[in-house]
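Have a look; sequence and predicted model below, questions after that.
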Amino acid sequence: MSHSFGLMIESLVAVLLLFTIGYCALLNKSLKRLRADESSMRGTIAELITATEIAERAIGGLKVTVRECDENLGSQLDAGTALAAKLARQLTAGEDVLRRLGQIALAARGSAAEESQVVEMPTPVPAPAVSNAQALLAAAQAFSERRRATGLAA
């Protein structure tokens, strides 16, 4: 009996060794796949690092471009503001000149009424409707021509 008992134990150990060898073969295949996946993963990580570096350089370039655009637009905005202020001053001066021309034209009409009694003036032909500024300009020109004719202009 002891001989058959020993044979059974050795048979059981042999079967367990076969299972262990089979499990080791499966484990070896799994480890090979894991190593292959590791190398492909390393390649993917290297590509991601490269793409990240390129993106960081592009972001840096965009920041520089935005800074330059901001400075350029700021200087153009300052120039536009200065031009608007200059135009406002010129508009005010133009309105002042227009007001003075209006006063000259009114004074000329008063003088023209006095001169029409002394010198006979031709009757004006009705002119088409013109703007206020054009009428004032025409009146100022007529006034200066009358003054030159009478010798009072400087």
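It's in.

Next secondary structure after the biggest helix by length in the chain?
Longest helix in the chain, counting residues (DSSP state H): helix 2-118. Where DSSP states H and E defines the elements, the next helix or strand beyond helix 2-118 is helix 132-150.

how distant is that following helix from the center of its chain?
Averaging C-alpha positions (C-alpha atoms, centre = their mean, to the nearest Å) puts helix 132-150 50 Å from its chain's average.

so what secondary structure elements neighbour it?
Contact here means 3 or more C-beta pairs under 8 Å, 6 or more residues apart in numbering; DSSP states H and E; on that basis helix 132-150 packs against helix 2-118. In short, each C-beta sits where N, CA and C put it, glycine included.

pLDDT wise, what is residue 115 at?
pLDDT for residue 115: 58.

scratch that, residue 27 is what I was asking about
So residue 27 comes in at 95 (pLDDT).

circling back to that earlier point, now do the longest helix of the chain: which elements does it pack against?
helix 132-150.

tell me the angle the helix it packs on makes with helix 2-118.
Orientation of helix 132-150 against helix 2-118 (axes from the mean of the first three to the mean of the last three C-alpha atoms, to 10 degrees) gives an angle of 30 degrees.

Residue 97 - how many residues pack around it?
Residue 97: 11 surrounding residues under other C-beta atoms under 10 Å.

do residue 144 as well
For residue 144, using other C-beta under 10 Å, the count is 13.

ok, residue 44 to residue 50 distance?
Note on residue 44: its distance to residue 50, by C-beta to C-beta, to the nearest Å, is 11 Å.

What are the structural domain limits within this structure?
Domain assignment for the chain, taken from automatic domain parsing, gives 29-76, 96-120+129-154.

residues contacting residue 109?
Shown in contact with residue 109 (C-beta atoms under 8 Å, 6 or more residues apart in numbering): residue 139.

give me that answer again for 10 Å
With contacts defined as C-beta atoms under 10 Å, 6 or more residues apart in numbering, residue 109 is in contact with 139, 142, 143.

Then residue 50?
For residue 50, the contact set (C-beta under 10 Å, 6+ apart) is empty.

that older thread, determine which stretch of the domains of the chain is the most buried.
Most buried of the domains of the chain, by mean neighbour count (mean count of other C-beta atoms under 10 Å): domain 96-120+129-154, with a mean of 12.
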